[in-house]
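Participant: Starting from these lines, generate the structure:
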Amino acid sequence: MSMAESSATSARGKRVLVVGYGNPGRQDDGLGPAAIAEIESMGLPNVTAFDNYQLNIEDAIDVAAHDIVWFVDAARTGPTPYSVRAVSPSPGIEFTSHIVRPEAILAIARQCYGAAPQAFLLAIRGYEFEFIEALTPGAKDNLQAAIGMLIDRIRTLQALPLLTEAI
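Facilitator: This is a model prediction of the structure:
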């Protein structure tokens, strides 16, 4: 990143992308899209949010246009109410037609667009994944806890100097 680009980023604020994915017709698998609905309703500055059933390689275009990216998905196992981990581009880009991992999206963004945003995976604990279009009460509680943390982390990360990584 050049000094001019760094100054431009400072002046406008870091661009944050929140990508939620999952199937709202499968109970708690809809936690990613539910998180996006919450984020969108807040109108946060410099934050773009969208959801889909699954990640797609085309998402690398949007990822490349942002400084910080949060991938949000439901977790069948793991800690309650959620877990967070940093995500880095995978050394090899691997995917199938039905499974694209955040690491692959980041690798494509780096390889095709020269972008290396700071990225995280927020896995919100879900409990039931049947063909019902409603979150379980426990998943709703986990979602609220995750949204509170996510908003705090977005604000904190936007306030920090932009981390750049050699490409």
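
Participant: May I see the buried residues of stretch 77-85?
Facilitator: Neighbour-count burial for stretch 77-85, counted by 16 or more other C-beta atoms under 10 Å, picks out 81, 82. The C-beta positions use only the backbone N, C-alpha and C, and glycine is treated the same way.

Participant: Outside of that stretch itself, list whatever touches it.
Facilitator: 75, 120-125, 138, 141-142, 145-146, 149, 153 (C-beta atoms under 8 Å, 6 or more residues apart in numbering).

Participant: Quick check: mean pLDDT of that stretch?
Facilitator: Here stretch 77-85 scores 98 as its mean pLDDT.

Participant: Quick one: list the elements packing against the longest helix along the chain.
Facilitator: In the chain, with assignment by DSSP state H, the single longest helix is helix 137-159. For helix 137-159, the contact count by 3 or more C-beta pairs under 8 Å, 6 or more residues apart in numbering; DSSP states H and E identifies strand 16-21, helix 31-42, strand 68-75, strand 82-87, strand 118-125 as packing neighbours.

Participant: how many degrees apart are that helix and strand 68-75 in direction?
Facilitator: 170 degrees (axes from the mean of the first three to the mean of the last three C-alpha atoms, to 10 degrees).
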